[in-house]
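K.L.:
Model the following, please.
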Amino acid sequence: MGENNLFNALVKNFSESDAGLLAALLEEHLHAETIRYQEIHMDAPLKRDLMLLAFEERILIPVKSRSGPSWEDKILDFEKGACYVIPPVVKAVLGTMAETGNPACDTAVRRMLAGVIPEDMDGFIQVLQAIMKHADNYTFETGLLEIFFRKAAMAFDLHDFIDVCVIFGIMSPCPQKSLMTGLSWYEINATLYWDETFLL
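P.N.:
Here you go, the predicted model:
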């Protein structure tokens, strides 16, 4: 993997010290199915700060949960045996960063979903970009998604779209619902915003 490429891409969004720590962490663990707290080799205070940053950016998601599947329900644990995963979409984005020094989210998402969505890939990307542009602090109400989904006139079902996005870590359900509409909210993975060209 191109560690220098990964660092050079990360430093566009993070300080040099944070980018260096993230690059070192990801260089070692990007292809692992799970990462255990004790497998991250650095001083405890530094490691905790790094894990907090990685969780805030949705790079690492703790396995342990309070009640449900949402990222907000996950428990960031700093104990031996605590386990984390890197969502598939994050692995795909980081993979393009390691290759080229840029996030290249369009390429990353297309590669990741090749074979999963054999048709309507362009429509999938367009809907994803539309909700990303209209999300507030990475979150959006499903009513907004329904509007863009209808406009795209894709061949598959809205629920299938949501399922694919959740399975691959593109988005996560939020615990709350809108008091006004009763609709659900979803959070988009922050790493997809690293590529400014993806939203042009």
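K.L.:
what's the longest strand anywhere in the chain in contact with?
P.N.:
The strand spanning the most residues in the chain, taking DSSP state E as the definition, is strand 171-177. Applying CB atoms under 8 Å, 6 or more residues apart in numbering, the external contacts of strand 171-177 come out as 58, 67-73, 139, 162, 165-166, 183-189. No exception for glycine: its C-beta is placed from N, CA and C like everyone else's.
K.L.:
Can you flag which of these belong to strands?
P.N.:
Counted as lying in strands by DSSP E, out of the contacts of strand 171-177, are 139, 184-188.
K.L.:
Max pairwise distance over the residues you listed: which two?
P.N.:
In terms of CB to CB, these reach their longest pairwise distance at S184 and I188, which sit 13.8 Å apart.
K.L.:
Please, where are all the strands along the chain?
P.N.:
Here the chain has its strands, by DSSP E, at 35-36, 61-62, 83-85, 139-141, 171-177, 184-188.
K.L.:
who are the neighbours in contact with G123?
P.N.:
152-154.
K.L.:
ignore the last one, L192
P.N.:
Applying CB under 8 Å, 6+ apart, we find L192 in contact with 89, 93, 105, 109, 128, 132, 170, 198.
K.L.:
Separate out the buried members of the contacts of G123.
P.N.:
Among the contacts of G123, those classed as buried by 16 or more other CB atoms under 10 Å are 152, 154.
K.L.:
more crowded one of S184 and I188?
P.N.:
Of the pair S184 and I188, I188 is the one with more neighbours under other CB atoms under 10 Å, namely 21 against 16.
K.L.:
Show me what that one is bridged to.
P.N.:
Beta-bridge pairing of I188, defined through DSSP bridges, involves M171.
K.L.:
What pLDDT does the model give the closest residue in space to V166 that isn't next to it in sequence?
P.N.:
Distances taken as CB to CB, 6 or more residues apart in numbering place S172 nearest to V166, at 6.5 Å, with adjacent residues excluded. You'll see S172 listed with a pLDDT of 97.
K.L.:
Same check on M180?
P.N.:
66.
K.L.:
The residue nearest to V166: neighbouring residues, count only.
P.N.:
The criterion is other CB under 10 Å. On that basis, S172 has 24 neighbouring residues.
K.L.:
same question, H31
P.N.:
Using other CB under 10 Å, the number of residues around H31 comes to 10.
K.L.:
any idea how far it is from D122?
P.N.:
The span separating H31 from D122 equals 29 Å under the rule CB to CB, to the nearest Å.
K.L.:
Can you give the domain ranges for this protein?
P.N.:
If the domains of the chain are taken from automatic domain parsing, they occupy 3-104, 106-199, with pieces of a single domain joined by a plus sign.
K.L.:
Make sure L50 is actually in contact with G20.
P.N.:
No. With contacts counted by CB atoms under 8 Å, L50 stays clear of G20, the gap being 10.3 Å.
K.L.:
More neighbours: which of these two?
P.N.:
Comparing L50 with G20 by other CB under 10 Å, the one with more neighbours is L50, at 20 against 15.
K.L.:
ok, the more buried one - contacts?
P.N.:
L50 touches 18, 21-22, 25, 40, 42, counting by CB under 8 Å, 6+ apart.
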